[in-house]
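Student: Quick one: sequence and predicted model below, then my questions.
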Amino acid sequence: MKLDEIRGFATDDLSQKVTEAQAQLFKLRYSAAAESLENAKAIRALRKNVAQMKTVMRERELTTAAGSSESES
């Protein structure tokens with residue numbers, strides 16, 4: 001998933017996708033431990049996607065916090 005696609009999601013959808021991706025990551029790790037994983041690079045790609053989604057969520061938190069603190073001044 002591209003960063004532009006991630007930024008296009010609403011915050012609620014993004015948090016739901018993070019939860020789904022973390023569940024999928026758990027399944028992939030379990031498969032890797034059981035030595036039945038076919039594509040080991042999938043774990044790395046999924047971790048990267050989760051990190052990007054969390055980064056976008058944090059950026060949004062900071063912009064809303066900065067916007068509210070400016071209006072208080």
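Tutor: Ah, there it is.
Student: what residue ranges in this structure score low on pLDDT?
Tutor: 71-73 (pLDDT under 70).
Student: Output the contacting helices and strands for the top helix by length along it.
Tutor: Identified as the longest helix of the chain according to DSSP state H is helix 41-72. Applying 3 or more Cβ pairs under 8 Å, 6 or more residues apart in numbering; DSSP states H and E, one finds that helix 41-72 contacts helix 3-8, helix 11-33. Heads up, the C-betas are built off the backbone N, CA and C, glycines and all.
Student: Can you say which of the ones you listed is packed in most?
Tutor: Across the helices and strands packed on helix 41-72, averaging neighbours per residue (mean count of other Cβ atoms under 10 Å) puts helix 11-33 on top, at a mean of 13.
Student: Next, the angle helix 41-72 makes with that helix.
Tutor: 150 degrees (axes from the mean of the first three to the mean of the last three Cα atoms, to 10 degrees).
Student: Report the buried residues of stretch 36-44.
Tutor: For stretch 36-44, a neighbour-count test (16 or more other Cβ atoms under 10 Å) marks L37, I43 as buried.
Student: Now the terminal residues of that stretch, how far apart.
Tutor: 16 Å (Cα to Cα, to the nearest Å).
Student: from the chain's centre, how far out does it sit?
Tutor: Offset of stretch 36-44 from its chain centre (Cα atoms, centre = their mean, to the nearest Å): 18 Å.
Student: okay, the helices and strands packed on helix 41-72 in TSV with distance to A66 next?
Tutor: Formatted as TSV, those follow (distance: least, Cβ to Cβ, whole Å):
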stretch	distance to A66
helix 3-8	17
helix 11-33	16
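Student: nearest to T55, of the ones you listed?
Tutor: With distances scored as Cβ to Cβ, the stretch of these nearest to T55 is helix 3-8 (8.6 Å).
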